[in-house]
Each structure stands twice: as structure tokens, then as C-alpha cells.
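**Student:** here is my input; please provide its structure:
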Amino acid sequence: QLQVVQSGGGLVQPGGSLRLSCAASGFFVGDFAIGWFRQAPGKEREGVACMSSSGGLTADSVKGRFTISRDNVNNTVYLQMNNLKPEDTAVYYCAVECWIATLVDAWGQGTQVTVSS
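**Tutor:** Sure, this is the predicted structure:
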């Protein structure tokens, strides 16, 4: 059974940084594409980053500020978020699959990220 468990998130001021973790259970993260999505109030869930066998990719909206990485030893994928903006405020989800929410095999529990002064 594919399971992913998230940690991290919270409240940060504009310009600050946070790191989200996505720990895999029941499978090796290197064998699947792992994505990060976010959903702001009143908006659709959108993909922001993806780690696959081809490497890491980020959406244009976060490019240069967010970095996705994978730790094979700890079987975990990370999302490092720098220079956070108020518009980054959302619930963030990690997932087994990337970019298209309807194709996701398993979701993390979600974690709130709030960027506010």
C-alpha cells in the first residue's frame, strides 16, 4: 500500500523559508514520481513541484524560490520554500504522482502554510 506522511509547514513572514517533508511508506521514493500540490481557499489544487527519475521540476509560479529534492536513505522527498510570498499561502499536499490531481495514487494528509506579516 502506497502511503506518504507529511511534516513541516506553519506560519512565516514574507521573505521567509520553510521546508516540507514527505516520507514514503510501503515503497521506495526512487521508483515513483512524487509531487507537491497546493490548494488555496476558493482555488483548484495545483501542482508546484515534481521529483521523478528525470530529476526535479518546479512550476513557473515558484521557479527560483522552491526546490524539490529526494533523500533515498531516508526515503523522503523535500520541498524547500524560500522567499515566500503571501500568495503562497495554501494547504500543501505531497502525492504519489505529479501535476494532475486526478492521476494521484496516494495523498499526504496536507499541511497549512501561511505567509503573513
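
**Student:** flag the shaky bits of the protein, pLDDT-wise.
**Tutor:** For the chain, no stretch is flagged by pLDDT under 70.

**Student:** which residue is nearest the middle of it?
**Tutor:** residue 36 (2.9 Å; Cα atoms, centre = their mean).

**Student:** these two touch, right, that residue and residue 90?
**Tutor:** No. The criterion here is Cβ atoms under 8 Å, and residue 36 misses it with residue 90 at 10.6 Å. Bear in mind the C-beta positions are built from the backbone N, C-alpha and C, glycine included.

**Student:** in space, what's closest to residue 24 - neighbours in sequence excluded?
**Tutor:** residue 75 (4.9 Å; Cβ to Cβ, 6 or more residues apart in numbering).

**Student:** again, but for residue 114
**Tutor:** That would be residue 11: by Cβ to Cβ, 6+ apart, it lies 4.7 Å from residue 114.

**Student:** go on, residue 80?
**Tutor:** Nearest to residue 80 is residue 67, by Cβ to Cβ, 6+ apart, at 4.5 Å.

**Student:** with residue 82 instead?
**Tutor:** residue 17 (4.7 Å).

**Student:** how close does that neighbour get to residue 114?
**Tutor:** From residue 17 over to residue 114 the distance is 14 Å, taken as Cβ to Cβ, to the nearest Å.

**Student:** what does residue 49 give?
**Tutor:** Per Cβ to Cβ, residue 49 is found 19 Å from residue 114.

**Student:** of the two, who's got more company?
**Tutor:** residue 49 (29 against 15; other Cβ atoms under 10 Å).

**Student:** rewinding a little: what touches both of residue 17 and residue 114?
**Tutor:** The contact sets of residue 17 and residue 114 do not overlap (Cβ atoms under 8 Å, 6 or more residues apart in numbering).
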